[in-house]
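Engineer: need coordinates for the below:
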Amino acid sequence: MSKNLRHTRNPDMIAFTIGWVVLQLIHDDLPTDFKTIKGRLRQIAAGRAEGRVTPEMAKDALSGTEGMERGRMRDVA
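Structural biologist: As a prediction, the model looks like this:
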């Protein structure tokens, strides 16, 4: 992994971010489909920090999930 990579771009951190968002959606009794997860990440990335997820974390999670709709993950390292 690149030494210049922000810690929030780490695949483990992306998984943590998405997991935290999913837990919040479940807590709020909302759907946990991919569209809803990405929508919530976009809201947080726009400046609406939620729980432990910062806008920076949300932006990097969105970037790291590019291509998931097509069934593949982009290598973020």
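Engineer: just the residues contacting the host helix or strand of residue 18, thanks.
Structural biologist: Applying DSSP states H and E as the criterion places residue 18 in helix 11-27. By Cβ atoms under 8 Å, 6 or more residues apart in numbering, the surrounding residues in contact with helix 11-27 are 7-8, 31-32, 36-37, 40-41, 44, 50-53, 57-58, 60-61, 64-65, 76-77. Yep, even glycine has a C-beta here, placed from its N, CA and C like the rest.
Engineer: what pLDDT does the residue nearest the centre of the chain get?
Structural biologist: Most central residue of the chain, judged by C-alpha distance to the mean C-alpha position with Cα atoms, centre = their mean, is residue 61 at 3.2 Å. Residue 61 carries a pLDDT value of 93.
Engineer: state the distance from it to residue 50.
Structural biologist: Separation of residue 61 from residue 50 (Cβ to Cβ, to the nearest Å): 12 Å.
Engineer: just the buried residues of the contacts of helix 11-27.
Structural biologist: 8, 37, 40-41, 44, 53, 57-58, 60-61, 64-65, 76 (16 or more other Cβ atoms under 10 Å).
Engineer: now stretch 10-24: buried residues?
Structural biologist: For stretch 10-24, the buried set under the neighbour-count rule, 16+ other Cβ under 10 Å, comprises 10, 13-14, 16-18, 20-21, 24.
Engineer: show me which of the residues you listed has the smallest pLDDT value.
Structural biologist: residue 10 (84).
Engineer: now the helices for this protein?
Structural biologist: Assigned helices in the chain, in chain order: 11-27, 34-45, 55-64 (criterion: DSSP state H).
Engineer: which strands and helices lie in contact with the last one?
Structural biologist: Using 3 or more Cβ pairs under 8 Å, 6 or more residues apart in numbering; DSSP states H and E as the contact criterion, the secondary-structure elements in contact with helix 55-64 are helix 11-27, helix 34-45.
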